[in-house]
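Engineer: Generate a structure from the sequence data that follows.
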Amino acid sequence: MHDLVYEGEVGLGRIIGPIRRPGAILMGANLRGANLVGADFTDADVSGAVLRDGKLTSTTLTRANLARTDLRAATLIRATLQGANLTDANLTGTNLTGANLTGTNLTGANLTLATLTLANLTLATLTGANLNGAVLTGANLNGAVLTGANLNGAILVRSDLSGVSLTGADLTGADLTGAVLTRACLVDADLTSAKLSGANMEGANLAGAKLTGVKGLSTTKGLKK
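Structural biologist: Numbering: from 1, shown residues only. The predicted structure follows:
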């Protein structure tokens, strides 16, 4: 039995970090603006909680349940979210620079204008996620599932998208300069006006993909010109 169990409103003065509370139950808790830097919430249930504007730098949320959590404008720099459930979470404007999201479930999550520079999203599931305008420069999305995801205007410069499933994804105006898309599935994806200068698309499946106005095709590796 865990010694930190809250549902509903949480007094910030009682939970300001650093804390080590693996398995804590914080369903629906109001933690807006809370300082949780370096806290350990491994296997915690934070579903439906409000962590908007929260400070979660280097926080551990391994396998945590963050479904429907409000993480708008939160700082999750170098946070560990390995195997976490972020289904339908709101990460609008969230800073996830250098975060570890290996195997994370981001199905239906809103990552509009989020910053995921150098983040690790290996094998993450982002089916139907909204990453409109998100910054994923140098991010590792190897083998991630982004089926039907909205990546309109997203920055994916030098990102590793090898083996990624982008079936039906919206990549309109996305910047994929220098990105690795080897063996990626882009079936029916919309790449209208996207930038592909220096991208590696060897073995990529582009059946039915829209390539109108794509920039940098002459320098794209592995793509039939």
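
Engineer: CA only for contacts and neighbour counts going forward, please
Structural biologist: Will do.

Engineer: thought residue 193 was touching residue 173?
Structural biologist: Yes - with contacts defined as CA atoms under 8 Å, residue 193 counts as touching residue 173 at a distance of 4.8 Å.

Engineer: Who has more neighbours out of the two?
Structural biologist: For residue 193 against residue 173, the residue with the higher neighbour count under other CA atoms under 10 Å is residue 173, and the figures read 21 against 18.

Engineer: Chain neighbours aside, what residue packs nearest to the more buried one?
Structural biologist: On the basis of CA to CA, 6 or more residues apart in numbering, the spatially nearest residue to residue 173 that is not a chain neighbour turns out to be residue 194, at 4.2 Å.

Engineer: what sits against the one you found?
Structural biologist: Residues near residue 194 by CA atoms under 8 Å, 6 or more residues apart in numbering: 171, 172, 173, 174, 175, 176, 211, 213, 214, 215.

Engineer: so what's the second one up against?
Structural biologist: Put plainly, it is residue 172. Shown here is residue 172, whose contacts under the criterion CA under 8 Å, 6+ apart are 151, 152, 153, 190, 191, 192, 193, 194.

Engineer: Now list the buried members of the contacts of residue 194.
Structural biologist: 171, 172, 173, 174, 175, 176, 211, 214, 215 (16 or more other CA atoms under 10 Å).

Engineer: JSON lines for the residues you listed, including distance to residue 138, pLDDT and secondary structure?
Structural biologist: Formatted as JSON lines, the buried ones among the contacts of residue 194 follow (distance: CA to CA, whole Å; pLDDT from 0 to 100; DSSP: H, G, I helix; E, B strand; the rest coil):
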{"residue": "171", "distance to residue 138": "17", "pLDDT": "97", "secondary structure": "coil"}
{"residue": "172", "distance to residue 138": "19", "pLDDT": "97", "secondary structure": "coil"}
{"residue": "173", "distance to residue 138": "18", "pLDDT": "97", "secondary structure": "coil"}
{"residue": "174", "distance to residue 138": "14", "pLDDT": "97", "secondary structure": "coil"}
{"residue": "175", "distance to residue 138": "12", "pLDDT": "97", "secondary structure": "strand"}
{"residue": "176", "distance to residue 138": "10", "pLDDT": "98", "secondary structure": "coil"}
{"residue": "211", "distance to residue 138": "23", "pLDDT": "95", "secondary structure": "coil"}
{"residue": "214", "distance to residue 138": "21", "pLDDT": "96", "secondary structure": "coil"}
{"residue": "215", "distance to residue 138": "20", "pLDDT": "95", "secondary structure": "strand"}
